[in-house]
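Asker: Give the three-dimensional model of this entry:
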Amino acid sequence: MLKSKLLFLVFFQLLSFNCWSQLPAAGIEHTHRYFPMLKGKKIGMVVHQASRFENTPQKTHLTDSLIRSGFKVSKIFAPEHGFKGKADAGEYIQDGKYGNIPIISLYGKNKKPTPEQMEDVELMIFDLQDVGARFYTYLSTLHYIIEACAQATVPLLILDRPNPNGHYVDGPVLQTEHQSFVGMHPIPIVHGLTLGEMAQMIVGEKWAAMENPLELAIVPLSDYSHQTAYILPIPPSPNLPNAQAVALYPSLCLLEPTAVSVGRGTSMQFQIFGHPKFSNVSFTFTPQPNSGAKNPKLNGEKCLGYDLRQEQKPQKIELKWLLQAYKHFDEPEAFFLKGFDRIAGTSSLRKQLQQGLSATDIRNSWEPALANFKAKRKKYLIYPD
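Answerer: Numbers count the residues shown, from 1 in each chain. Next comes the predicted model:
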């Protein structure tokens with residue numbers, strides 16, 4: 001273990017910024033860079049269904065590849081939605097096994113690995129596919145893994161992956177009083193960073209409680225910039241089934257803690273929104289229990305609303321849909337559900353809607369904190385904007 005407070009082993013020589021026509025290769029693909037680090041180690045893994053090789057015909061899961069290559073995988077740590085990525089949002093997940101390998105749920109009894117759970121782990125690999133939104137909980141899992149590895153003096157190896165919403169930075173910056181597992185850091189809704197870059201920022205800004213120095217290694221993407229268009233080959237969670245849902249998620253998730261449905265319980269999750277009491281709209285849908293939504297909001301009720309499946313990929317947080325929904329609602333006091341301020345990261349947005357502010361006025365209120373974040377963000381970039 002190196003005794004320096006922080007070691008960033010970022011392999012920049014992998015990056016080829018002159019050829020953006022190629023598809024980016026995720027960190028997982030560069031086995032020649034990280035396999036030598038695994039020899040003789042008892043390996044812990046933070047992985048899920050998308051932790052797979054895509055540049056090989058077999059598209060093998062990382063766990064299987066390491067086992068077949070003769071490495072010792074001692075434990076698997078699974079985030080929200082579980083190791084197989086099938087659990088509902090917020091669903092309590094039990095521990096389990098993959099063959100003889102224990103699967104420790106980080107969305108069950110605890111969200112941070114305990115010292116006992118870190119036993120028999122000599123190196124931790126982190127390989128989760130994120131979508132670049134503050135409230136997407138894989139970022140919070142990364143935070144707790146950083147803390148647990150520092151506490152146990154276990155090196156952390158991050159196999160970086162693309163951020164499909166990495167082409168912009170926008171939204172209200174989270175205020176400290178609204179910190180939770182769906183928002184742990186003073187960052188905007190869309191932060192424009194990969195999880196490798198976020199790890200550098202979490203450590204560099206001292207947001208994580210680290211009792212000991214952290215040995216951090218990041219294997220970055222090749223042929224990637226933040227403007228690289230990338231469609232995720234595997235859904236990162238049950239209710240983000242396609243590229244359109246991933247693109248609209250940062251904007252439409254603001255409707256989750258309201259009385260409005262965003263399509264959970266349909267096949268159009270985060271691509272539609274509506275409510276039974278909307279008027280003067282022709283599109284309809286009826287939420288029903290399905291995979292990833294066992295008891296969806298407005299279950300069995302016919303909703304009138306909007307179909308956004310043909311909307312262009314947003315270049316900012318689109319407030320127009322939140323404003324439309326609020327104006328449609330004839331009972332404003334019943335519009336906001338518990339947790340709206342937590343998801344927004346601020347109480348200001350709710351108050352601004354209640355006061356009738358325009359999207360422009362709301363966006364202008366974000367600018368000072370956004371500018372401050374963007375300035376800090378530059379220090380932690382691995383890839384060009």
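Asker: The chain: strands as residue ranges?
Answerer: With DSSP state E, the ranges of strands along the chain come out as 6-10, 42-47, 72-78, 96-98, 101-105, 123-127, 156-159, 214-219, 272-275, 283-285, 303-307.
Asker: Tell me the helices and strands packed up against the fourth one.
Answerer: The reference is to strand 96-98. strand 101-105 (3 or more C-beta pairs under 8 Å, 6 or more residues apart in numbering; DSSP states H and E). All C-beta atoms are positioned from the backbone trio N, CA, C, and that covers glycine.
Asker: What strands line up against the strand it packs on, and which way round?
Answerer: If you go by DSSP bridges, strand 101-105 pairs up with strand 72-78 (parallel), strand 96-98 (antiparallel).
Asker: and of the ones you listed, who's closest to residue 319?
Answerer: strand 72-78 (34.4 Å; C-beta to C-beta).
Asker: outside of the closest one, which residues touch it?
Answerer: Strand 72-78 is contacted from outside by 41-48, 63, 66-67, 83, 93, 96, 98, 101-107, 113, 117, 120-121, 145, using C-beta atoms under 8 Å, 6 or more residues apart in numbering.
Asker: Which segments of this protein make up each domain?
Answerer: Domain segmentation of the chain under automatic domain parsing yields 6-233, 243-346.
Asker: nearest to residue 365, of those?
Answerer: Among the domains of the chain, if distance is taken as C-beta to C-beta, the winner is domain 6-233, at 7.9 Å.
Asker: and the closest one, what's its mean pLDDT?
Answerer: Averaging pLDDT along domain 6-233 gives 92.
Asker: and what of stretch 256-269?
Answerer: 98.
Asker: Next, format the strands paired with strand 101-105 as a markdown table and append mean neighbour count and distance to residue 286.
Answerer: Below are the strands paired with strand 101-105 laid out as a markdown table (neighbours: other C-beta atoms under 10 Å; distance: least, C-beta to C-beta, whole Å):
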| stretch | mean neighbour count | distance to residue 286 |
| --- | --- | --- |
| strand 72-78 | 22 | 32 |
| strand 96-98 | 15 | 34 |
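Asker: Compare these and give me the one nearest residue 346.
Answerer: strand 72-78 (30.8 Å).
Asker: Please name the nearest non-neighbouring residue to residue 205.
Answerer: residue 376 (6.9 Å; C-beta to C-beta, 6 or more residues apart in numbering).
Asker: Tell me how many other residues crowd the nearest residue to residue 319 once chain neighbours are set aside.
Answerer: Nearest residue to residue 319 in three dimensions, chain neighbours excluded: residue 359, at 4.2 Å (C-beta to C-beta, 6+ apart). Neighbour count of residue 359, defined by other C-beta atoms under 10 Å: 15.
Asker: these two touch, right, residue 359 and residue 320?
Answerer: Yes. The pair residue 359 / residue 320 is scored as a contact, 6.2 Å apart, by C-beta atoms under 8 Å.
Asker: contacting residues around the closest residue to residue 166 other than its chain neighbours?
Answerer: Nearest residue to residue 166 in three dimensions, chain neighbours excluded: residue 226, at 4.3 Å (C-beta to C-beta, 6+ apart). If you count contacts by C-beta under 8 Å, 6+ apart, residue 226 has them with 163, 166, 167, 192, 383, 384, 385.
Asker: what do you get for residue 322?
Answerer: Per C-beta under 8 Å, 6+ apart, neighbours of residue 322: 251, 254, 255, 353.
Asker: Next one: it from residue 328, what distance?
Answerer: Residue 322 is 11 Å from residue 328, where distance means C-beta to C-beta, to the nearest Å.
Asker: cool, residue 169 as well?
Answerer: Distance from residue 169 to residue 328, by C-beta to C-beta: 29 Å.
Asker: Please state the offset of the longest helix along the chain from the chain centre?
Answerer: Determined from DSSP state H, the single longest helix within the chain is helix 359-377. Put simply, helix 359-377 sits 21 Å off its chain's centre (C-alpha atoms, centre = their mean, to the nearest Å).
Asker: What lies in contact with that helix?
Answerer: Residues contacting helix 359-377 (C-beta under 8 Å, 6+ apart): 169-173, 186-188, 191-193, 201, 205, 316, 319-320, 323, 348-349, 352.
Asker: mind exporting that helix as CSV, just the C-alpha atoms?
Answerer: Only the C-alpha atoms of helix 359-377 are listed here, as CSV (Å, rounded to 0.1, in the frame of the first residue of the first chain):
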residue,chain,number,x,y,z
ALA,A,359,-38.4,28.6,-16.6
THR,A,360,-36.0,31.4,-17.4
ASP,A,361,-36.2,33.0,-13.9
ILE,A,362,-35.8,29.6,-12.3
ARG,A,363,-32.7,28.8,-14.4
ASN,A,364,-31.2,32.2,-13.7
SER,A,365,-31.3,31.4,-10.0
TRP,A,366,-29.1,28.4,-10.5
GLU,A,367,-26.3,30.2,-12.2
PRO,A,368,-24.1,31.4,-9.3
ALA,A,369,-23.8,27.9,-7.8
LEU,A,370,-23.5,26.3,-11.2
ALA,A,371,-20.6,28.5,-12.2
ASN,A,372,-18.8,27.7,-9.0
PHE,A,373,-19.3,24.0,-9.5
LYS,A,374,-18.1,24.2,-13.1
ALA,A,375,-14.9,25.9,-12.0
LYS,A,376,-14.2,23.1,-9.5
ARG,A,377,-15.2,20.4,-12.0
